[in-house]
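S.K.: no sequence for this one, just the structure:
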Ligand SMILES: *[C@@H]1O[C@H](CO)[C@@H](O)[C@H](O)[C@H]1NC(C)=O
């Protein structure tokens, strides 16, 4: 399997599931009863409207209006129609496909030496079908867009485009304030890279001198595979015992770290101002639910992107497993609606 085949398969599968679910649940479902009316108000240009039950910043609604209103104008559809439940949900479908592409691109970047494109395509396909995230692809929730912008920030970071990564990081926070964690994570990765580069430069010099003395004609100092073997222990040792000008070295290193993570620091400071003004991280005043499973989606994806891809049999087993779980979830959602004793509304099975 390669990228175009996986993409075509995913688009087909997502489209079918999208229409199956939409046919069954045309009206806003669960949290959608807050998200959909809010987005509709924005669609009509009423940006002063805010539902106090909503706990996130308005990223999803602004993005939806930014996509749907121009699209409606281009297609000649009335603005009120273009912000229907169907169209709003389909914005998430766009992010779902975006997630597949970004996962694929990150893996290609992280595993470029391994030459395993078909395995990457299958892994990206599988991770795009992660059961915890799967259902939110078809409803108007913030999860899919939030995941997309965090992963997109990670991709831009890996490509070395720090400024754009920071802008995308701000959008991710606009979808979910808790994504500030991932901006801090990117700052950590940047700091780590600066320390590793600094170490390479320091140890490279002394190593080169030594190797030239021992083997005058072989320059092993620039061997890149050995350069990558920088351990935390070595870094700490060097920080405690820098070769010359102890203090100057350390101050210079801290300066380099601050300089290269300046964008992140600005965002983090901005976020602290927001928390101070808002008197808390949550926008609304309603009590928060406890930790939910879906908070583990991004940590899990980042972990999976970084580890080695498994054997073919593992990859296909995982893909099949996810598809069976997703199929059962959709089946239960569509065919087995139930009612709580204390509520007249029809309930449906969802993660
Ligand atoms: C805009 O939102 C405000 C605040 O919720 C509301 O009072 C007002 O009626 C809305 N305006 C329109 C045109 O819907």
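M.R.: Yep, it's here. Quantities reported herein were computed from a predicted structural model and do not represent experimental measurements. Residues are numbered from 1 along each chain as shown.
S.K.: how about residue 263, nearest residue that isn't a chain neighbour?
M.R.: residue 166 (3.8 Å; CB to CB, 6 or more residues apart in numbering). From N, CA and C alone the C-beta is placed, and that goes for glycine too.
S.K.: can you show me the strands along the chain?
M.R.: Under the criterion DSSP state E, the chain contains strands at 338-339, 346-347.
S.K.: pLDDT of the last one, averaged?
M.R.: Over the span of strand 346-347, the pLDDT mean works out to 64.
S.K.: cool, stretch 194-205 as well?
M.R.: 79.
S.K.: buried stuff in it?
M.R.: Within stretch 194-205, the residues scored as buried using 16 or more other CB atoms under 10 Å are 194, 195, 198, 199, 200, 202, 203.
S.K.: and stretch 6-18, by the same measure?
M.R.: Residues 6, 7, 10, 14, 17, 18 are the ones in stretch 6-18 that count as buried (16+ other CB under 10 Å).
S.K.: same list, those residues, but as TSV with distance to the ligand please.
M.R.: Below are these laid out as TSV (distance: CB to the nearest ligand atom, whole Å):
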residue	distance to the ligand
6	44
7	40
10	38
14	33
17	34
18	29
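S.K.: list the ones among those residues that fall in helices.
M.R.: Counting by DSSP state H, those place 6, 7, 10, 14, 17, 18 in helices.
S.K.: identify, from those residues, the entry nearest to residue 43.
M.R.: Of all those, residue 43 sits closest to residue 18, with 20.4 Å by CB to CB.
S.K.: that closest one and residue 12, how far apart?
M.R.: Distance, residue 18 to residue 12, by CB to CB, to the nearest Å: 11 Å.
S.K.: relative to the ligand, how far out is residue 69?
M.R.: 16 Å (CB to the nearest ligand atom, to the nearest Å).
S.K.: then residue 268?
M.R.: Taken as CB to the nearest ligand atom, the span from residue 268 to the ligand is 32 Å.
S.K.: residues contacting that residue?
M.R.: 180, 183, 184, 187 (CB atoms under 8 Å, 6 or more residues apart in numbering).
S.K.: so which of those wins on neighbours?
M.R.: Most neighbours among those, by other CB atoms under 10 Å: residue 183, with 25 neighbours.
S.K.: was I right about that residue contacting residue 269?
M.R.: No - if you go by CB atoms under 8 Å, residue 183 and residue 269 don't touch, sitting 11.2 Å apart.
S.K.: for the nearest residue to residue 298 once chain neighbours are set aside, give me the pLDDT.
M.R.: Once flanking residues are discounted, residue 298 sits nearest to residue 150: 5.4 Å by CB to CB, 6+ apart. Model confidence at residue 150, given as pLDDT, is 98.
S.K.: and if you look at residue 304?
M.R.: As predicted, residue 304 sits at a pLDDT of 94.
S.K.: can you check residue 9 too?
M.R.: pLDDT for residue 9: 96.
S.K.: tell me who's in contact with residue 295.
M.R.: Going by CB under 8 Å, 6+ apart, residue 295 touches residue 178.
S.K.: run the last query once more with 10 Å
M.R.: Residues near residue 295 by CB atoms under 10 Å, 6 or more residues apart in numbering: 132, 143, 176, 178, 181.
S.K.: with residue 314 instead?
M.R.: residue 123.
S.K.: what about residue 103, how many neighbours?
M.R.: 26.
S.K.: hmm, I was thinking of residue 47
M.R.: Count around residue 47 with other CB under 10 Å applied: 12.
S.K.: how far away is it from the ligand?
M.R.: 8 Å.
S.K.: the residue nearest to that residue when sequence neighbours are not counted and residue 34, how far apart?
M.R.: The shortest distance from residue 47 to any non-neighbouring residue, by CB to CB, 6+ apart, is to residue 41 (7.9 Å). As judged by CB to CB, residue 41 and residue 34 stand 11 Å apart.
S.K.: check contacts around residue 142.
M.R.: By CB under 10 Å, 6+ apart, the contact list for residue 142 reads 31, 35, 54-57, 59-61, 92, 136, 174-176.
S.K.: okay, and for this structure, where does confidence drop off?
M.R.: 204-231, 235, 238-248, 283-289, 291-292, 338-351 (pLDDT under 70).
S.K.: and it, which residues reach the ligand?
M.R.: 46, 48, 49 (CB under 6 Å from any ligand atom).
S.K.: if we can go back for a sec, now do the shared contacts for residue 41 and residue 34.
M.R.: residue 51.
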